[in-house]
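> Build me a model:
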Amino acid sequence: MAMHGDATFIEVAGHNPVMWQWYLQDFYQKVFYSGRLDRRLVELVRLRLANLHGCAFCNRADTAAARAAGVPDSQIEALADYEQGPFSDAEKAALALADVMVLTNPKGHVDADLHARCRAHFSDGELFELGMIMAVLCGMAKFIFAFDLVEKEDYCPFTPEAPSA
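Numbers count the residues shown, from 1 in each chain. Model prediction:
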């Protein structure tokens, strides 16, 4: 409650402790927080995705997690225009990859230019891991939106249409 302001997702997860443990231990501990990728980088990517998806629940927690990882407020505030913001070239490349992976970009494609831009900073293995992290995060966003388990921002495009009269 302190982090998200809502416990619905965690309450629902309690119906299947095996899946909840997979999410916390296997995804977050073994992949997201593995240390193979810089924690600040994965926190920036996660926050960028949450911002674009419009998940208020995620934005609150991911902003706190980014700060805890050492992401300065100047970067958090500049995420909307990261190409002009105070980010390293590696961070900008990863954020550009997030823009391709995000749910709001259903035709997203890693073209040769973006691949080359990312390869200047990440090995093939790191790119695979970064892509998998984003895929799981985007999949979880779709899940929590489809089941209406979280609070959404006013701009969130994943709100159900009102029933027609």
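> Could I get the contacting residues of the closest residue to residue 72 other than its chain neighbours?
Leaving aside its sequence neighbours, residue 72 sits nearest to residue 86 (CB to CB, 6 or more residues apart in numbering; 7.7 Å). Any C-beta I mention is one placed from the backbone N, CA and C, and that applies to glycine too. Residue 86 makes contact with 72, 74, 75, 78, according to CB atoms under 8 Å, 6 or more residues apart in numbering.
> This structure: helices as residue ranges?
Applying DSSP state H to the chain gives helices spanning 8-13, 17-21, 39-53, 56-68, 73-78, 89-101, 112-119, 124-146.
> can you tell which of the ones you listed is closest to residue 33?
Closest to residue 33 of the helices of the chain, according to CB to CB: helix 39-53, at 6.8 Å.
> any idea of the angle that closest one forms with helix 124-146?
Helix 39-53 runs at 40 degrees relative to helix 124-146, counting by axes from the mean of the first three to the mean of the last three CA atoms, to 10 degrees.
> and helix 39-53, how far from the chain's centre?
Averaging C-alpha positions (CA atoms, centre = their mean, to the nearest Å) puts helix 39-53 4 Å from its chain's average.
> Provide the contact partners of it at residue level.
Contacts of helix 39-53 from elsewhere in the structure, counted by CB under 8 Å, 6+ apart, are 32-33, 58-59, 62-63, 65-66, 69-71, 75-76, 79-80, 82, 87, 90-91, 94-95, 97-99, 101-104, 130, 133-134, 137-138, 141, 145, 156, 158.
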